[in-house]
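Enquirer: would you be able to build a 3D model of this:
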Amino acid sequence: MNRKYDLQTGPFRASYIGDGDPYELSNGHAIQCLPSRADHAESNLTGGAALETDPDVEWAGVDVGYSPNEGNLRAADLGLGERPTERKGWAKKAPRLVVEVAGVGQDEESLQEKIGEFFAAGTEVVWVVRLLGPHRVEVYEPGKPVVIRNADEELSAPGILRNPLPVMVFFQRDASHEATLRNLLQRKGFENLDAVLEAGREAGMALSVVTVLEGRGLEVPDEARERILTCRDADVLRRWLGRTGNVAAVEEIFAEPA
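Expert: Numbering: from 1, shown residues only. Coordinates of the predicted model:
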């Protein structure tokens, strides 16, 4: 139960709050939410990019209003989970992972109450990004001690995120960009940038095999062409390139499975 408002239920209801109104609700009591400072806004954006692009994330949102009941409405700085299905009103199902950014003027009691309300609604983990003092993120899970991850450490959320994230994605654009690039490449089937470069080299080698054969006036059957151009085994491609100068070996290329 909310410590500030556990004596009586307040008069406000989630349905009274409109999109963009600067209020949250706790047990029917309105909590004003003011605009973010620049460092807070930047942390939301850089951290959000690295989180939203993770290959296992179905949906993520910024400042999404979650209202499990009419007396409570909370907006996570960043929330990850199932895509809300509500066409009208606030999201009902709490995000699996919540990120709260805490900077100048943070009310610690209110923050802890908010974390508790998210857990009561079903949230599995909350990360609190601390903008004041040493760069760090506090990890909250129901029934467990708080864990602090420092600037040189990583954050993980097994079952929610595929990849661990450096703490610094919330503090440095470069760290966010690196994590985001890795995530986007994985969404396209590449483990990392080196894998993309290797695929490019292999594709270039395959094209070279066909180009050399045709340059010698040889007709490359369609089936062989397809097999060569789709081959991504660098050793096979090197062997084929080495055979392009010998007519008998070329026939072997046409007949040989990749």
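Enquirer: find the nearest non-adjacent residue to residue 141, please.
Expert: Computed as C-beta to C-beta, 6 or more residues apart in numbering, the closest residue to residue 141 that is not its neighbour in sequence is residue 125, at 5.2 Å. Just so you know, the C-beta spots here come from the backbone N, C-alpha and C atoms, and that holds for glycine as well.
Enquirer: for that neighbour, give the beta-bridge partners.
Expert: residue 97 (DSSP bridges).
Enquirer: what's the host helix or strand of residue 78 packed up against?
Expert: Residue 78 belongs to strand 72-81 when assigned by DSSP states H and E. Strand 72-81 is packed against strand 23-26, helix 38-52, strand 59-69, strand 97-102, helix 108-121, with contacts defined by 3 or more C-beta pairs under 8 Å, 6 or more residues apart in numbering; DSSP states H and E.
Enquirer: if we go to 6 Å?
Expert: strand 23-26, strand 59-69, strand 97-102 (3 or more C-beta pairs under 6 Å, 6 or more residues apart in numbering; DSSP states H and E).
Enquirer: need the pLDDT of residue 160.
Expert: In this prediction, residue 160 carries a pLDDT score of 97.
Enquirer: run a quick neighbour tally on it.
Expert: 18 (other C-beta atoms under 10 Å).
Enquirer: list the contacts of it.
Expert: If you count contacts by C-beta atoms under 6 Å, 6 or more residues apart in numbering, residue 160 has them with 96, 97.
Enquirer: how near is the residue nearest to residue 83 when sequence neighbours are not counted to residue 72?
Expert: Spatially, and ignoring its direct neighbours in sequence, residue 83 is nearest to residue 59 (3.9 Å; C-beta to C-beta, 6+ apart). Residue 59 is 21 Å from residue 72, where distance means C-beta to C-beta, to the nearest Å.
Enquirer: and for residue 50?
Expert: On the measure of C-beta to C-beta, residue 50 and residue 72 end up 29 Å apart.
Enquirer: ditto for residue 237
Expert: For residue 237, the distance to residue 72 - C-beta to C-beta - is 61 Å.
Enquirer: for the helices and strands packed on strand 72-81, which one sits closest to residue 46?
Expert: Among those, strand 97-102 comes nearest to residue 46, with 10.7 Å by C-beta to C-beta.
Enquirer: re the thing from before, how far off strand 97-102 does the strand holding residue 78 point, in degrees?
Expert: Orientation of strand 72-81 against strand 97-102 (axes from the mean of the first three to the mean of the last three C-alpha atoms, to 10 degrees) gives an angle of 120 degrees.
Enquirer: how far does strand 72-81 sit from its chain's centre?
Expert: Between the centre of strand 72-81 and the centre of its chain there are 16 Å (C-alpha atoms, centre = their mean, to the nearest Å).
Enquirer: which outside residues touch it?
Expert: 14, 17, 24-25, 44, 48, 57, 60-61, 63-67, 95-101, 114, 117.
Enquirer: for burial, what's the neighbour tally of the residue nearest to residue 141?
Expert: When neighbours are defined as other C-beta under 10 Å, residue 125 has 24 of them.
Enquirer: in ChimeraX, how would I select just the buried ones from the contacts of strand 72-81?
Expert: For the buried members of the contacts of strand 72-81, the matching ChimeraX selection, counting by 16 or more other C-beta atoms under 10 Å, is:
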select :14,17,24,25,44,48,57,60,61,64,65,66,67,95,96,97,98,99,100,101,114,117
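Enquirer: quick one: low-confidence parts of the protein?
Expert: 1-7, 10-36, 195-196, 244-258 (pLDDT under 70).
Enquirer: can you list the domains in it?
Expert: 14-187, 193-255 (automatic domain parsing).
Enquirer: could I get the ones you listed as TSV with distance to residue 8?
Expert: Formatted as TSV, the domains of the chain follow (distance: least, C-beta to C-beta, whole Å):
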stretch	distance to residue 8
domain 14-187	8
domain 193-255	57
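Enquirer: what's the most buried one of those?
Expert: Comparing these by mean neighbour count (mean count of other C-beta atoms under 10 Å), domain 14-187 ranks first with a mean of 17.
Enquirer: report the distance from it to the chain centre.
Expert: The answer for domain 14-187 is 12 Å, by C-alpha atoms, centre = their mean.
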